[in-house]
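Student: Just a sequence and a predicted model for now, questions to come.
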Amino acid sequence: MEMSKIVVGGMRLKDRKSGVQTLRAAIDAGFNYIDTSPCYCRASETENSESWVGEALSEPNYRSRVMVSTKCAPGDGGFGLGEFDPAGGFGVRTAAQLRQVFDQSLRRLNLSGVDYYHLWTTHTDEQFAEAMRPGGWCEGVLSKKTQWSHLGITTHADSETIIRFLKSGKFETVTLPLNVINTMRLPVVDFCNAQGIKVIAMNPLAGGFLASRDDLKELALRYLMRLEGVHPLIGFSSVEEVQYAKWIQDTMPTYKPSAGEILAKIRSMMETDEKRCTACGYCSPCPERITVGAALSYYNAFKYLGMESAKAAFKEKQWEEGLRLDLCRECGKCESRCPNGLPVRRIIAEARSVMYN
């Protein structure tokens, strides 16, 4: 089964009843890949995203039309190595723990196997090495080979690190943050297109704040639809959101602007005499693991587009170390690498004073 251009995220479902309706509407719309995890929407062992996906697929007509993906992580969801949390799928650091969490997912999904299984929230070389060590995550997942068809990796790492992970040759798909105001990982897209690896773009609406303006919401989705080899992962929470995405897909053949033209339009909305970060990514890597361009994209949307929702989304995503501008030690490495000669330390200081208040 060829993966649909738009794929379905199971992280924003509201409850069992509406979740099942939303998932079935998405499958009926032709969106044939569902991404879930042990911790999404988790209220209990029986009320969680995996079990709701399982109910949506309980009718054979739906299961036969969709590919299911779930995952677990050796890390803690951030940039550390986690203690074993089987219910949430974190800290999975031995083969036995992998098998326990994998079987738990199958029970919740009420399936005998899944189509894709992902090495989840793996952002650092340390986490990747932990997953690959003898007796670890990878050994465990290979022992379940008869119950999955494809392996993937989900990561918030920088482009250089992600490409290193993919050069291991173990993964057929990568799920990473990519949206119209955070294009820092486009080098990964180029690499994947050359290698035949599918790219699933999470955070297509930048944590949801781009959806607060209709014009930005449309541009954000159309931008990802224009990118070759990229599948926007939309965390639907209602049938109406599915219908909107279907409209975007159906009207793409008559939509004229290219991806570059869409980016230019977004940037023109932020026109200013001030020099501002364009999230080109050349300042990476940061010794504090801050993804400077991604973090400043929220600041730019707040400052130049007047979007209060960007500030709220930034604060909500402070679990992601790449957005932690408060960790900056003003070492100046980013500033020394900036191809536009920006006063990056001053911009970060201004962004911190605004975005954390």
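Tutor: Nice, I can see it.
Student: Tell me how many other residues surround A264.
Tutor: For A264, the neighbour count with other Cβ atoms under 10 Å is 12. In short, each C-beta sits where N, CA and C put it, glycine included.
Student: wait, I meant A96
Tutor: So A96, with other Cβ under 10 Å, has 13 neighbours.
Student: same check, this time on A313
Tutor: A313 has 23 neighbouring residues, counting by other Cβ under 10 Å.
Student: quick one: it from I248, how far?
Tutor: 21 Å (Cβ to Cβ, to the nearest Å).
Student: so what's the backbone phi/psi at Y116?
Tutor: Dihedral angles of Y116 (phi, psi; degrees, to the nearest 10) stand at phi -130, psi 140.
Student: If you could redo that for L106, that was the one I meant.
Tutor: phi -60, psi -40.
Student: hang on, it packs against Q147?
Tutor: Yes: with contact defined as Cβ atoms under 8 Å, L106 counts as touching Q147 (7.1 Å).
Student: tell me the domain boundaries of this structure?
Tutor: With domains defined by automatic domain parsing, the chain comprises 7-261, 270-355.
Student: Any regions of this structure where pLDDT drops low?
Tutor: 271-273 (pLDDT under 70).
Student: Could you dump the domains of the chain into JSON lines with distance to M1 added?
Tutor: What follows is the domains of the chain, written out as JSON lines (distance: least, Cβ to Cβ, whole Å):
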{"stretch": "domain 7-261", "distance to M1": "6"}
{"stretch": "domain 270-355", "distance to M1": "32"}
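Student: Skip the chain neighbours and tell me the closest residue to S58.
Tutor: Nearest non-adjacent residue to S58, counting by Cβ to Cβ, 6 or more residues apart in numbering: N110, 6.7 Å away.
Student: so how many other residues sit close to that neighbour?
Tutor: Neighbours of N110 (other Cβ under 10 Å): 14.
Student: what's the answer for D115, then?
Tutor: As a measure of burial, D115 has 18 neighbours, counting by other Cβ under 10 Å.
Student: Contacts for stretch 212-227 next, please.
Tutor: 5-6, 178-181, 189, 201, 204-206, 210-211, 230, 232, 234, 245, 248-249, 252, 255, 257-259, 262-263, 265-266, 305, 307, 309 (Cβ atoms under 8 Å, 6 or more residues apart in numbering).
Student: Equivalent analysis for stretch 159-168, please.
Tutor: Contacts of stretch 159-168 (Cβ under 8 Å, 6+ apart): 122-125, 128, 132, 153, 155, 157, 171, 174, 176, 184-188, 191-192, 195, 197, 281, 284-285.
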